[in-house]
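> How does the following fold in three dimensions:
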Amino acid sequence: MFESLSDRLGSVFDRLTKQGALSEADVIAALREVRVALLEADVSLPVARDFIKRVQDKATGAAVTKSITPGQMVVKIVHDELIRVLQGDGPADALKIDNPPAAILMVGLQGSGKTTTTAKLAKRLKDRGGKRVLLASLDTNRPAAMEQLAILAGQIGVDSLPIVKGETAVQIARRAKTQASLGGYDVLFLDTAGRLHIDEVLMDEVQAVRDIAQPRETLLVVDGLTGQDAVNVAAEFDGKVGISGVVLTRMDGDGRGGAALSMRAVTGKPIRFVGMGEKMDALETFEADRVAGRILGMGDIVALVEKAQETFEAEQAERMARRFAKGLFNMNDLKGQLEQMQKMGGMQGLMGMLPGMGKMAKQAEEAGFDDKMLRRQIALINSMTKKERANPDLLAASRKKRIAAGAGLEVQELNRLLKQHKQMAEMMKKMGKGGGMKQAIKQMMGKGGMPDPSKMSPAELEAAAKGMRESMGQGGGFAGMPRGLSQPSGLSGLMKKK
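This is a model prediction of the structure:
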């Protein structure tokens, strides 16, 4: 979502940090470019103007221009101001679900992703909070809207209000509230109808439902791809209905991200969650400092550790550590690493969260090191027999032809995979002798499971990220990527040769 903005800001700050000394004119010229980048990213003019003014006031003083690392000081000021714009006066409070059954009203325009987001939030509260959740669709306009929510409820394992044809939204809300009370539910989600644009009928209906449900939270779901108009929609809903927070959807798309940067400053309402895909678990809490870090190419170690926490199993990690400590690394192990990378967001997702690797993500994709490559490599390993996976040395020319044909690929791709496996196996033996791999796994898993990232110090987070980088490949490399290209310098070298 912030790719183009991140690239523009990255080039500006690269020039600043490379200069030994900075004059006020240098800072002002750089900030002029930053302002243009913000406006091109669809950030509202008043927000961009206020942002630049605050940064300029702090960045043109003698304390910055005469400091040892003036460029880094300017980057830090921009980072802090980005957090302030995204977060407002303070971080968003947790959802108010302390008085069961707590009603959460979901509002927004049609096509913004309200129904899917409702199910995602319900799954999150059920899985992470152990809450009993009831879903109710109040959308009597869109065909099959109620059936869609009922199907999603079945998929995530929560209850949905039985559908009664002919009821109005107000009648459904009243019945849902009664059912939630009698059924002992902790949370009641009310998925309201949307329109293609804001109209009087929509607002009257939402206000009537709000008066009956008395929601603890009213969450506005906004499509992040709508750009600046998303901020106008938020202001309209807040003025007519009163919202307590915003959920931005499709933040994994190729929009310009200006809505996220403008939303809090213009509406004063916090962004609670962001949708990062269609899957039911593709919903993240909105953390201003982490988003600011991603925009400035600083990575997001906390998100990386959290993804590992969700996808790693302690027993599996221990078994892996024991095997690697003995220098054992066959095709099954390589397949496990490739699948782990897929679960954690794929190669591009991981590179975006590792500090210093964000700029390499696009170059890696252009060079063919992307999620398609991971899928092709897994297909090749799946085409092998159990014996061949356990002992790749068995692979003679005839076997290679059979495996490549089974995966629908060329023998050359299989040869590259075997070469990469051999390099990684040698690396595992070296790390196993020194205990490096076992230490990396321990750093990630800790005693008794993964640590809580929110309680870790920056040094501990960096250590965890280092452990994860090493588990993917030596010194920050990735499984399935040749050793020379698994480093930023190696990848840059390849790009220059091309």
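> what bits of the stretch 301-450 of the chain have low per-residue confidence?
Applying pLDDT under 70 to the stretch 301-450 of the chain picks out residues 301-318, 321, 325, 327, 344-370, 431-450.
> just the stretch 51-200 of the chain next, same as before
61-71, 89-93.
> the helices in it, which residues?
Remark: helices assigned in the stretch 51-200 of the chain by DSSP state H, counting those that start in this stretch are 62-65, 70-87, 114-129, 145-156, 169-182, 200-213.
> Residues in contact with the second one: which ones?
Translated: helix 70-87. With C-beta atoms under 8 Å, 6 or more residues apart in numbering as the test, helix 70-87 has contacts from 9, 13, 16-19, 21-22, 27, 30, 34, 47, 51, 54-55, 58-59, 63-64, 67, 260-261, 264-265, 270-271, 286, 288-289, 291-293, 295-296, 298. The way it works is simple: take the backbone N, C-alpha and C, and place the C-beta from them, glycine included.
> Which residues belonging to that helix are considered buried?
Within helix 70-87, the residues scored as buried using 16 or more other C-beta atoms under 10 Å are 70-71, 73-75, 77-79, 81-87.
> Domain parsing of the protein, as residue ranges.
3-87, 102-295, 302-497 (automatic domain parsing).
> For residue 96, which of these is the nearest?
domain 102-295 (4.2 Å; C-beta to C-beta).
> which ones are touching residue 275?
Counted by C-beta under 8 Å, 6+ apart, residue 275 has contacts 113, 116-117, 120, 224, 247-252, 282-283.
> Count the neighbours of residue 112 for me.
26 (other C-beta atoms under 10 Å).
> related to what we said a few turns ago, give me the subset of the contacts of helix 70-87 lying in helices.
Among the contacts of helix 70-87, the members found in helices (DSSP state H) are 9, 13, 16-18, 27, 30, 34, 47, 51, 54-55, 58-59, 63-64, 260-261, 264-265, 288-289, 291-293, 295.
> what number of residues lie near the closest residue to residue 196 other than its chain neighbours?
Spatially, and ignoring its direct neighbours in sequence, residue 196 is nearest to residue 110 (5.6 Å; C-beta to C-beta, 6 or more residues apart in numbering). Number of residues near residue 110 (other C-beta under 10 Å) recorded here: 15.
> now the one 5 residues further on
By the other C-beta under 10 Å criterion, the neighbourhood of residue 115 contains 22 residues.
> How many neighbouring residues does the nearest residue to residue 152 once chain neighbours are set aside have?
Computed as C-beta to C-beta, 6+ apart, the closest residue to residue 152 that is not its neighbour in sequence is residue 119, at 3.8 Å. Close neighbours of residue 119, defined as other C-beta under 10 Å, add up to 25.
> Isn't residue 119 up against residue 154?
No. With contact defined as C-beta atoms under 8 Å, residue 119 does not reach residue 154; the gap is 10.0 Å.
> got a list of what residue 236 touches?
residue 198.
> could you give the mean pLDDT of the host helix or strand of it?
With elements taken from DSSP states H and E, the one containing residue 236 is helix 228-240. The average pLDDT within helix 228-240 is 82.
> could I get that helix in CSV with only the CA atoms?
C-alpha atoms of helix 228-240 as CSV (Å, rounded to 0.1, in the frame of the first residue of the first chain):
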residue,chain,number,x,y,z
GLN,A,228,-9.0,10.9,-0.2
ASP,A,229,-12.7,10.2,-0.5
ALA,A,230,-12.4,7.7,2.3
VAL,A,231,-11.7,10.6,4.7
ASN,A,232,-14.9,12.4,3.5
VAL,A,233,-16.9,9.2,4.1
ALA,A,234,-15.5,8.9,7.6
ALA,A,235,-16.4,12.6,8.4
GLU,A,236,-20.0,12.1,7.1
PHE,A,237,-20.6,9.0,9.1
ASP,A,238,-19.1,10.4,12.2
GLY,A,239,-21.2,13.6,11.9
LYS,A,240,-24.5,11.7,11.4
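> what bridges to residue 136?
Beta-bridge partners for residue 136, by DSSP bridges, are residue 190.
> how many neighbours does it have?
The tally of other residues near residue 136 (other C-beta under 10 Å) stands at 29.
> quick one, what contacts the closest residue in space to residue 174 that isn't next to it in sequence?
Excluding the flanking residues, the one nearest residue 174 by C-beta to C-beta, 6+ apart is residue 212, at 5.6 Å. Counting by C-beta under 8 Å, 6+ apart, residue 212 touches 170, 173-174, 177.
> Quick check: residue 212 vs residue 95, distance?
Computed as C-beta to C-beta, to the nearest Å, the residue 212 to residue 95 distance reads 20 Å.
> right, and out of the buried residues of helix 70-87, which lies closest to residue 416?
Nearest to residue 416 among those, counting by C-beta to C-beta, is residue 75 at 38.5 Å.
> Pull up the gap between that closest one and residue 295, please.
Taking C-beta to C-beta, one finds residue 75 at 11 Å from residue 295.
> Pull out the buried residues from stretch 175-183.
By 16+ other C-beta under 10 Å, the buried positions in stretch 175-183 come out as 176-177, 179-180.
> which residues in the stretch 251-400 of the chain form strands?
In the stretch 251-400 of the chain, the segments counted as strands under DSSP state E, counting those that start in this stretch are 271-275, 283-285.
> and the shortest one, what other elements does it pack with?
Using 3 or more C-beta pairs under 8 Å, 6 or more residues apart in numbering; DSSP states H and E as the contact criterion, the neighbours of strand 283-285 among helices and strands are helix 114-129, strand 271-275.
> Could you double-check that residue 408 sits in contact with residue 383?
No. With contact defined as C-beta under 8 Å, residue 408 and residue 383 do not form a contacting pair (9.0 Å).
> Compare those two (neighbour count), which wins?
When residue 408 and residue 383 are compared for neighbours, residue 383 comes out ahead with 18 against 10, by other C-beta under 10 Å.
> Distance check, that one against residue 397.
15 Å.
> again with residue 247
Distance of residue 247 to residue 397, computed by C-beta to C-beta: 55 Å.
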